[in-house]
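S.K.: for reference, the sequence and a predicted model appear below.
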Amino acid sequence: DIQMTQSPSSLSASVGDRVIIACRASQSIGNYLHWYQQMPGKAPKLLIYAASSLQSGVPSRFSGSGSGTDFTLTISSLQPEDFATYYCQQSYNTVPLTFGGGTRVEIK
Amino acid sequence: QLQLQESGPGLVKPSETLSLTCSVSDGSINSSSYYWGWIRQPPGKGLEWIGSISYSGTAYYNPSLKSRVTISVDTSKNQFSLMLTSVTAADTAVFYCARQTEALSGSFNFDYWGQGTLVTVSS
């Protein structure tokens, strides 16, 4: 299985801050990397697919980059509604599809 | 807008079989463009992919659960289902159904999700 490791596991930030979340794969996965946002008690929501493509309807303050083993999700200016947990997911190996452990973004 | 809704018992006894159904509305499950998946999340923990199925019934499963999992599809009802046998307390989780799409070649992700249903395994 391809292991996905996110860092940090949690962070505290203020509204307006630039936030960067990292995701590392245990082997090269090309750009087969996707990011999700999960609000408490809600289902995950797709933000970014194929490492850097913004899902329809997602604000442009979210961006993704990276390829191979190292990826980042950037929130350019954190908004109150962005406080949530973020997950990466790889699809280079489709069996199994695997997710990172999550990064919780909290209010400072 | 496509909607998915999970249904099934919220409480299952240890050693029994967990059964859930996902009903798809405002869209057809009968499309070669998508797979339909199940993902679970134990309380306070991360996401685990369980398996996915095509409209034609081709299924693939997480090897860690494969011996206990069956996913089936009923295109006439626009539904797909999950069965997980021999459950233990470790299977307690919120179970989500989701549409698996391939936006770019090989780029499989989940773009529509159900709201999730909590299944507790307890006697």
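M.R.: Done, it's in.
S.K.: compute the first-to-last residue distance for stretch B:23-33.
M.R.: 18 Å (CA to CA, to the nearest Å).
S.K.: does that stretch reach chain A?
M.R.: No - if you take CB under 8 Å from any CB of the partner chain as the test, stretch B:23-33 misses chain A, and the best it gets is 14.6 Å. (Glycine included, C-beta is placed from N, CA and C.)
S.K.: now that stretch, how far from the centre of its chain.
M.R.: Chain-centre distance of stretch B:23-33: 14 Å, with CA atoms, centre = their mean, to the nearest Å.
S.K.: cool, stretch A:13-31 as well?
M.R.: Averaged C-alpha coordinates place stretch A:13-31 at 6 Å from its chain's average position (CA atoms, centre = their mean).
S.K.: send me it as CSV with only the CA atoms.
M.R.: Below are the C-alpha coordinates for stretch A:13-31, written out as CSV (Å, rounded to 0.1, in the frame of the first residue of the first chain):
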residue,chain,number,x,y,z
ALA,A,13,-3.8,30.1,12.5
SER,A,14,-5.5,33.4,12.3
VAL,A,15,-8.0,34.7,9.8
GLY,A,16,-6.0,36.2,6.9
ASP,A,17,-3.0,33.9,7.4
ARG,A,18,-1.3,31.9,4.7
VAL,A,19,-1.6,28.3,5.5
ILE,A,20,0.4,25.4,4.0
ILE,A,21,-0.3,21.8,4.5
ALA,A,22,2.1,19.1,3.4
CYS,A,23,1.4,15.5,2.2
ARG,A,24,4.2,13.0,1.4
ALA,A,25,3.7,9.7,-0.4
SER,A,26,5.8,6.6,0.4
GLN,A,27,6.6,6.2,-3.3
SER,A,28,6.3,8.4,-6.3
ILE,A,29,2.6,8.9,-7.3
GLY,A,30,3.0,11.3,-10.2
ASN,A,31,0.3,13.9,-9.8
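S.K.: just the pLDDT for residue 52.
M.R.: No chain specified, so I'll use chain A. We have a pLDDT of 96 for A:Ser52.
S.K.: nope, chain B
M.R.: Confidence score, pLDDT, at B:Ser52: 97.
S.K.: and it, helix, strand or coil?
M.R.: strand (DSSP: H, G, I helix; E, B strand; the rest coil).
S.K.: great, nothing more from me.
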